[in-house]
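curious how this folds, go ahead:
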Amino acid sequence: MKIRNQFYILVVGILVMPGLVFAGLYGLQRSRESTAVPIPGYDEVSRMAGGSFGRASWEDLADFITHRPATMDFTILDADSRVVFSTIQAHRAGDILTDGELLRYIRETSPDFFYQMDAPERLGEGGFFVLTRIDRSDRGPPDFFRLLVVLIAMIFLFSAIMSVLIARSITQSVLALDAATRRMAAGELDSSVTIRGSNEITSLASSLNSMRLALKDDQARRSRFIMGVTHDLKTPLALIKGYAEAIGDGMAEDAAERDRYVGIIGAKVDQLASMIDDLIGFVRVDTGEWRSRLSTAPLAPFLRNLCKRLEADAALLQRRAEVSIDLPEDLSVPFDERLITRAIENVVNNALRYTDKGGLVRVSARAEPAGPTPERVVIEVSDDGPGIDAADIDHIFDLFYRGSSSRREQGMGLGLSVVKGVIESHGWQIGVVSGPGEGSVFAITIPMR
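Below you'll find the model as predicted:
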């Protein structure tokens with residue numbers, strides 16, 4: 001049970017229990033007090049008493065006795081000192097009790113009973129006298145005091161039990177969380193946090209487990225990142241060093257050979273610069289630095305300017321490029337221009353790289369459904385290249401993953417991972433449809449609502 005609900009039960013119990021206990025005990029007391037004394041009917045009493053009183057007088061007297069507590073004993077005498085009715089065993093109906101006998105009986109039993117003599121005139125004719133007695137042992141604390149004592153005792157007992165249960169639940173959960181966080185602080189991320197129950201601390205343990213898994217995944221990503229960077233940077237650096245040493249050792253005998261070596265060194269330096277740009281882009285997206293410069297701008301002019309540069313790149317690489325931007329001119333979205341430019345350039349450059357000379361790369365943008373208030377914008381980059389193997393298509397956006405079957409150039413496997421990070425960090429989506437020999441279509445979806 002949730003800790004909040006346990007406290008609710010405790011508070012409600014403390015507030016409601018006094019009323020319930022008071023009502024129960026008061027009702028029980030009233031029930032005892034209102035229990036009717038069994039009184040014979042008028043005919044029976046009149047026969048025993050010799051008919052010395054009228055029916056109306058007896059009915060008044062019976063009503064008087066009925067409203068007295070059941071713990072009281074009665075002896076009713078008429079004007080001739082005859083016992084008309086009695087709940088005292090020593091006094092039998094029909095007996096004559098003189099004043100002296102009555103006083104002697106009272107004196108003898110007074111250590112055990114309290115006595116009271118009533119001769120209420122309101123009982124009408126007949127001269128009835130009522131002798132009332134109460135057992136001294138029944139006299140104790142006032143009813144209110146007894147109710148209060150019972151009430152306090154029950155509230156204390158209930159509060160103590162509930163407090164112990166709540167404290168034990170919280171203590172066990174907190175101790176388990178403390179042990180789990182200590183293990184995590186020590187670097188033990190393989191042990192899950194297990195807490196029994198269904199309270200708020202259990203929910204906190206579930207969140208802590210999620211954080212543990214995220215830290216474990218981040219640790220693994222960091223390790224892969226370092227290994228990937230180390231491996232991929234070594235290759236061009238080793239080549240640069242090798243060709244530089246070759247030039248220094250005089251291995252390049254003529255100017256043409258030296259120029260070729262210098263050209264290779266320049267190409268490797270460009271490759272290193274590209275890798276560093278990928279790393280910077282990856283770190284920026286991973287840390288959310290770009291959010292500080294996010295602004296709203298028209299999408300159609302931005303895509304047209306970007307595609308002009310991409311058409312020039314395609315012509316330089318002897319590929320064909322087609323551009324179709326079918327968007328309203330005033331359609332604006334919030335985005336980081338530099339990051340989105342790099343993301344789309346990465347996707348287009350991949351399409352140009354994997355398309356044969358003379359192949360077609362097409363960039364299109366459209367609103368769905370078409371109209372002044374579309375639900376989404378779809379940007380597609382398609383090519384007629386070799387496509388992506390089925391084994392690779394589910395992993396091409398993974399960090400450091402490379403589909404080696406169609407890869408032609410060295411890289412760290414950061415490109416599409418950075419693209420996915422940039423796109424999704426804007427609240428957009430990216431997907432790919434491809435198959436061997438069928439080309440590829442990368443689609444970026446921008447929700448407008």
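
OK, contacts around Cys352?
You called it Cys, but residue 352 is Leu. Residues in contact with Leu352 (C-beta atoms under 8 Å, 6 or more residues apart in numbering) are 313-314, 317, 319, 361, 383. Every C-beta, even on glycine, is put in place using the N, C-alpha and C of the backbone.

now do 7 Å
Taking C-beta atoms under 7 Å, 6 or more residues apart in numbering, we find Leu352 in contact with 313-314, 317, 319, 361.

which of these fall in helices?
Among these, the members found in helices (DSSP state H) are 313-314.

can you pick the most crowded of the contacts of Leu352?
Val361 (27 neighbours; other C-beta atoms under 10 Å).

thought it was touching Asn350?
No - shown here, Val361 and Asn350 do not form a contact pair, counting by C-beta atoms under 7 Å, at 9.7 Å.

closest one of the contacts of Leu352 to Pro328?
Distances from Pro328 to the contacts of Leu352, taken as C-beta to C-beta, are shortest for Val361 (25.0 Å).

who's the closest one bridged to?
Val361 has these beta-bridge partners by DSSP bridges: Ala321, Asp383.

now do Ser434
Ser440.

who's in contact with it?
387-388, 393, 440-441.

for those, give me a markdown table that also has neighbour count, pLDDT and distance to Gly266.
A markdown table is the format used below for those (neighbours: other C-beta atoms under 10 Å; pLDDT from 0 to 100; distance: C-beta to C-beta, whole Å):
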| residue | neighbour count | pLDDT | distance to Gly266 |
| --- | --- | --- | --- |
| Gly387 | 20 | 86 | 33 |
| Ile388 | 23 | 84 | 31 |
| Ile393 | 16 | 79 | 35 |
| Ser440 | 24 | 91 | 31 |
| Val441 | 17 | 93 | 35 |
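
can you name the two of those residues that sit furthest apart?
Ile393 and Val441 (11.6 Å).

mutual contacts of those two, please.
432, 434.

I'd assumed Ser382 was in contact with Arg362.
Yes - contact between Arg362 and Ser382 holds when scored by C-beta under 7 Å: they sit 4.9 Å apart.

what is the burial count for the residue nearest to Tyr261 when sequence neighbours are not counted?
Using C-beta to C-beta, 6 or more residues apart in numbering and skipping residues adjacent in sequence, the residue nearest Tyr261 is Tyr243, 4.6 Å away. Using other C-beta under 10 Å as the criterion, Tyr243 is surrounded by 20 other residues.

thinking Tyr243 is in contact with Arg260, fair?
No - with contact defined as C-beta under 7 Å, Tyr243 does not reach Arg260; the gap is 9.1 Å.

all strands for the stretch 151-300 of the chain, in order.
Applying DSSP state E, counting those that start in this stretch to the stretch 151-300 of the chain gives strands spanning 295-298.

quick one, helices of it?
Listed in chain order, the helices of the stretch 151-300 of the chain (DSSP state H, counting those that start in this stretch) span 200-248, 255-287, 299-316.

nearest to Ala79 among those helices would be which one?
helix 200-248 (79.8 Å).

average pLDDT across that closest one?
In this model, helix 200-248 has an average pLDDT of 74.

and stretch 74-81, by the same measure?
Mean predicted confidence for stretch 74-81 is 79.

now do the buried residues in that stretch.
The neighbour-count check on stretch 74-81 (16 or more other C-beta atoms under 10 Å) flags 74-78 as buried.

dump those into a markdown table; add secondary structure and distance to Arg212 as well.
Output for the buried residues of stretch 74-81, formatted as a markdown table (DSSP: H, G, I helix; E, B strand; the rest coil; distance: C-beta to C-beta, whole Å):
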| residue | secondary structure | distance to Arg212 |
| --- | --- | --- |
| Phe74 | strand | 81 |
| Thr75 | strand | 85 |
| Ile76 | strand | 86 |
| Leu77 | strand | 91 |
| Asp78 | coil | 94 |
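
and these, which is closest to Pro374?
Relative to Pro374, the closest of the buried residues of stretch 74-81 is Phe74; by C-beta to C-beta it sits at 96.9 Å.

quick check: that closest one touching Phe129?
No - with contact taken as C-beta under 7 Å, Phe74 and Phe129 are classed as non-touching, separated by 10.6 Å.

picking up where we left off before, would you reformat the contacts of Leu352 as JSON lines and include distance to Leu327 and pLDDT?
Compiled in JSON lines, the contacts of Leu352 are given as follows (distance: C-beta to C-beta, whole Å; pLDDT from 0 to 100):
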{"residue": "Asp313", "distance to Leu327": "22", "pLDDT": "80"}
{"residue": "Ala314", "distance to Leu327": "21", "pLDDT": "84"}
{"residue": "Leu317", "distance to Leu327": "27", "pLDDT": "82"}
{"residue": "Arg319", "distance to Leu327": "24", "pLDDT": "88"}
{"residue": "Val361", "distance to Leu327": "20", "pLDDT": "92"}
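
which of the contacts of Leu352 lies closest to Gly250?
Gly250 lies nearest to Leu317 out of those, by C-beta to C-beta, at 36.1 Å.

which element is the closest residue to the closest one other than its chain neighbours on?
In this structure, Leu317 finds its nearest non-sequential neighbour in Leu352, 5.4 Å apart by C-beta to C-beta, 6+ apart. Per DSSP states H and E, Leu352 falls inside helix 337-353.

so which bits of that helix are buried?
Neighbour-count burial for helix 337-353 [16+ other C-beta under 10 Å]: 339-344, 346-352.

same thing with stretch 172-184?
By 16+ other C-beta under 10 Å, the buried positions in stretch 172-184 come out as 173, 176-177, 180, 184.

out of the residues you listed, which comes closest to Leu303?
Proximity of the buried residues of stretch 172-184 to Leu303 was ranked by C-beta to C-beta; the top entry is Met184 with 45.9 Å.
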